[in-house]
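Novice: Have a look at this fold, sequence not included:
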């Protein structure tokens, strides 16, 4: 069949059905992986929707999973691979209430995911969570790390950086965070730590991501926190930025901070490293895997420790320069080419097992 050397694997790569998934890291992950897979001479890959005919493909890849939404079909005419990026809503269930409907859907999702031919995930931390919460055996789960786009290693002209600084009214030095505002991101803890930092340092904090301008309860709480801490114009909330602007912000920042309680991967951390931006990060869950020893480590449950780690990264020039160089080398270990190669190997294994069962 398709796993023979002279045959091409036909893959249906399913678009995330949930709008939010398309705009967040899940969507970016899927697009980059599909693009890398399309370069293989052994694969013919086509992006499809959940409603498209799947009989024409050798394998279907669902590059997403949500525990509280019905994101997978009950049956598939061909073998399936599912990527579960993380199960943070289950790990931190107190802060991610599912509701009655969500609990019912979770029971359905648990049963459906166990019918998948194979599961991919972004980190060994997430793999352990999958084994724990879904009771799926080790050999049916493969870790496929994401990659860093090569553009983050490239230099940017001073003109472009100046234009970015002008557009976002950047005058002072600043600390950068890029991402969402979910509980696991610990934005309130970062704000408390920042309130301590500005007692000693003249520096701003820039928080980047669509969630920082959308009308949500979480954003209202963050804005109230900023007000309560009298941070005023020291904190800038920035919506979506272009890739060029994001690259500029990484280059312009004094450091990048990730004070998360939990992550499935940590793409922004690697992008910062690749850009030559020193990183201060917690080492919880997957962050321990990708950060290695190239960041200033912080305890996300201790705001004073966060502030001390940031100040250390700002003041210790020897450490900063060392971590910048080590960070670039660390980021280069994560490529989309490697992710595509490993995914292709998984497809071949899945198809070989499927043939044996026929």
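Specialist: In hand now; what should we look at? Since this is a predicted model, take the numbers as computed values, not measurements.
Novice: remind me, longest helix of this protein?
Specialist: helix 336-357 (DSSP state H).
Novice: What residues of that helix count as buried?
Specialist: 336, 339-340, 343-344, 346-348, 350-351, 354 (16 or more other Cβ atoms under 10 Å). For every residue, glycine as well, the C-beta is placed using N, CA and C.
Novice: again with stretch 70-78
Specialist: 71-73, 76, 78.
Novice: closest to residue 8 among the residues you listed?
Specialist: Using Cβ to Cβ, residue 78 comes nearest to residue 8 of those, at 14.9 Å.
Novice: Now tell me which helix or strand of this protein has the poorest mean pLDDT.
Specialist: helix 19-23 (a mean of 52; mean pLDDT, DSSP states H and E).
Novice: any idea which helix or strand comes after that one?
Specialist: Counting by DSSP states H and E, the next helix or strand C-terminal to helix 19-23 is helix 25-37.
Novice: quick one on the thing from earlier: just the ones of the buried residues of stretch 70-78 in strands?
Specialist: For the buried residues of stretch 70-78, not one is inside strands, with DSSP state E as the criterion.
Novice: Okay, now the unreliable bits of the protein?
Specialist: Flagging of the chain using pLDDT under 70 yields the residue ranges 1-6, 18-25, 358.
Novice: Report the residue ranges of every domain in it.
Specialist: 9-147+335-357, 150-331 (automatic domain parsing).
Novice: now the strands for the stretch 51-200 of the chain?
Specialist: 59-62, 80-84, 118-121, 141-143, 174-178 (DSSP state E, counting those that start in this stretch).
Novice: Please identify the most buried of these.
Specialist: With neighbours taken as mean count of other Cβ atoms under 10 Å, the strands of the stretch 51-200 of the chain reach their highest mean count in strand 59-62, at a mean of 26.
Novice: ok, residues contacting that strand?
Specialist: The contact list for strand 59-62 (Cβ atoms under 8 Å, 6 or more residues apart in numbering) reads 2, 9-14, 54, 71-72, 76, 78-83, 116-117, 343, 347, 350-351.
Novice: ok, now with 7 Å
Specialist: 9, 11-14, 54, 72, 76, 78-83, 347, 350-351 (Cβ atoms under 7 Å, 6 or more residues apart in numbering).
Novice: do stretch 237-247 as well
Specialist: 151-152, 156, 160, 164, 168, 178, 206-208, 210, 212-213, 249, 275.
Novice: 8 Å - rerun?
Specialist: 151-152, 154, 156, 160, 164, 167-168, 178, 206-210, 212-213, 249, 271, 275.
Novice: quick one: the helices in this structure?
Specialist: According to DSSP H, the helices that the chain contains are 19-23, 25-37, 88-91, 99-113, 124-134, 158-167, 187-197, 217-228, 243-252, 267-274, 286-291, 303-315, 317-331, 336-357.
Novice: and the third one, what does it pack onto?
Specialist: Yep, that's helix 88-91 we're talking about. helix 124-134 (3 or more Cβ pairs under 8 Å, 6 or more residues apart in numbering; DSSP states H and E).
Novice: And the helix it packs on, what's buried?
Specialist: Under 16+ other Cβ under 10 Å, the buried positions of helix 124-134 are 125-130, 133-134.
Novice: Check the gap between residue 265 and residue 171 for me.
Specialist: 33 Å (Cβ to Cβ, to the nearest Å).
Novice: And for residue 44?
Specialist: Counting by Cβ to Cβ - residue 44 and residue 171 are separated by 51 Å.
Novice: Residue 292 too?
Specialist: For residue 292 relative to residue 171 (Cβ to Cβ), the value is 34 Å.
Novice: quick one, which of the two is more surrounded?
Specialist: Remark: of residue 292 and residue 171, residue 292 carries more neighbours, 13 against 8, as counted by other Cβ atoms under 10 Å.
Novice: okay, now the nearest residue to the more buried one once chain neighbours are set aside: neighbour count?
Specialist: In space, and not counting its chain neighbours, residue 292 is closest to residue 330: 5.6 Å by Cβ to Cβ, 6 or more residues apart in numbering. Neighbourhood size, residue 330 [other Cβ under 10 Å]: 22.
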